[in-house]
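K.L.:
Kindly return the folded structure for what I paste below:
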Amino acid sequence: MAHQLGIALISVYEEGPQQFQVQLKAPYDAAGRPPAIAVHTTNDCRIVQKHSHAEKEGVTRVWRHRCNGPIAGREFHISGLNTQTPDAVVVLYNASGEQTHLTLQRQQPSFVFSASAPPTLTDSSDYLPMGIEHILGGYDHLLLVFLFWLMARGKQLLWVVTSFTLAHSITLALAVTDAIALPSLVVESMIAFSITLLAAELLRQHRDPAYESFTLQKPAVMAFAFGLLHGLGFAGALSEAGLPSEAFWPVLLLFNLGVETGQLLFVAALIIVSRISLAVLQTSIAAQALPNLKPPILFSIGGLSAFWFFSRVLAF
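P.N.:
Residues are numbered from 1 along each chain as shown. Got it, this is the predicted structure:
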């Protein structure tokens, strides 16, 4: 279930006064099945042609409709958006060639086709919550941040998180602009491996406090290297969304800020929960019990991420 959060891209083309085409690109679900996402409109439109084809990352479906009335002003509804694919980016192409970008969430999955919308109409602010939702649904990314929290405290934790943020911001921008490209399964496999590696390092340090390695001696450098990798994972969903060219950089910035906001919210939640736990438990009991929880936690995280790694490698 890790990092399955994706974005559906829906393009609606006005081909004539009473005819339009819908193209849907959506990622597979966590079980590798085609998404159950569809686009619907009023009953006076009928499907005259449809086809679909499977791709490595998801499915592309195309419907051509003919209606009894004009396309302009017609309401459309998207069904099938869920927790794994909670957002849809909709691009409307009217008969004159103008484009309109819309972002929809599963709570409000409807839109109206407008024939006169200006081509620069883009609600870029929607990409901020999209970034937050993406990071909070990417459990593999959150597990790595959790390991950072187990490894460091105070200023050191700040440096580690900052290094991770800087690195994945760099590769996010490079990947979305097509400056670098790696197969998704390669990126996702290495993301899982990075979590396994850090969990193993922390477990070895717990067993032998004198144990030293480059990863543990230079945690900020390690976080930067892992961040470069995880940035490619963040870019996957955003690249599929078809960023609006007229607001490319603002959208990229807002999505990245959303990712950072979600990451900081997660770290803040960890700090609050740990402090409440220490306050509820007696200090002496907590001092004895909490260290004993670290090995099973690290074994669980390492085992789960190893499972993700092998399952993704086998999917090549």
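
K.L.:
Mind jotting down where the helices sit in the stretch 51-200 of the chain?
P.N.:
Here the stretch 51-200 of the chain has its helices, by DSSP state H, counting those that start in this stretch, at 127-137, 139-151, 154-176, 184-207.

K.L.:
what's in contact with the first one?
P.N.:
Surrounding helix 127-137, the residues in contact under the criterion Cβ atoms under 8 Å, 6 or more residues apart in numbering are 4-5, 7, 83-84, 86-87, 103, 105, 141-142, 234, 237, 251, 254-263, 265-266. Every residue, glycine included, has its C-beta placed from N, CA and C.

K.L.:
One more: stretch 146-164?
P.N.:
Applying Cβ under 8 Å, 6+ apart, the contact partners of stretch 146-164 are 144-145, 195, 198-199, 202, 216, 219-221, 223-224, 226-227, 230, 263-264, 266-267, 270-271, 294, 297-298, 301.

K.L.:
Please enumerate the strands of the protein.
P.N.:
Ranges of strands in the chain, per DSSP state E, are 7-16, 19-27, 38-40, 45-54, 58-67, 75-79, 87-93, 99-105, 110-112.

K.L.:
Look up the residues forming beta bridges with residue 112.
P.N.:
Taking DSSP bridges as the rule, residue 112 bridges to residue 75.

K.L.:
Show the pLDDT at it.
P.N.:
pLDDT recorded at residue 112 is 86.

K.L.:
Check residue 116 too.
P.N.:
Note for residue 116: predicted pLDDT of 58.

K.L.:
what do you get for residue 169?
P.N.:
Reading off the confidence values, residue 169 has pLDDT 86.

K.L.:
contacting residues for residue 71?
P.N.:
14, 17-20, 113, 115.

K.L.:
CSV for the residues you listed, including distance to residue 156 and neighbour count?
P.N.:
Below are the contacts of residue 71 laid out as CSV (distance: Cβ to Cβ, whole Å; neighbours: other Cβ atoms under 10 Å):
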residue, distance to residue 156, neighbour count
14, 56, 22
17, 64, 13
18, 64, 15
19, 62, 15
20, 56, 25
113, 53, 21
115, 57, 16
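
K.L.:
Could you work out the most separated pair of the residues you listed?
P.N.:
Greatest spatial distance among the contacts of residue 71 (Cβ to Cβ): 19 and 115, at 13.6 Å.

K.L.:
so where's the stretch 51-200 of the chain shaky on pLDDT?
P.N.:
The stretch 51-200 of the chain contains residues with pLDDT under 70 at 56-57, 84, 115-125.

K.L.:
try 50
P.N.:
Applying pLDDT under 50 to the stretch 51-200 of the chain flags residues 118-122.
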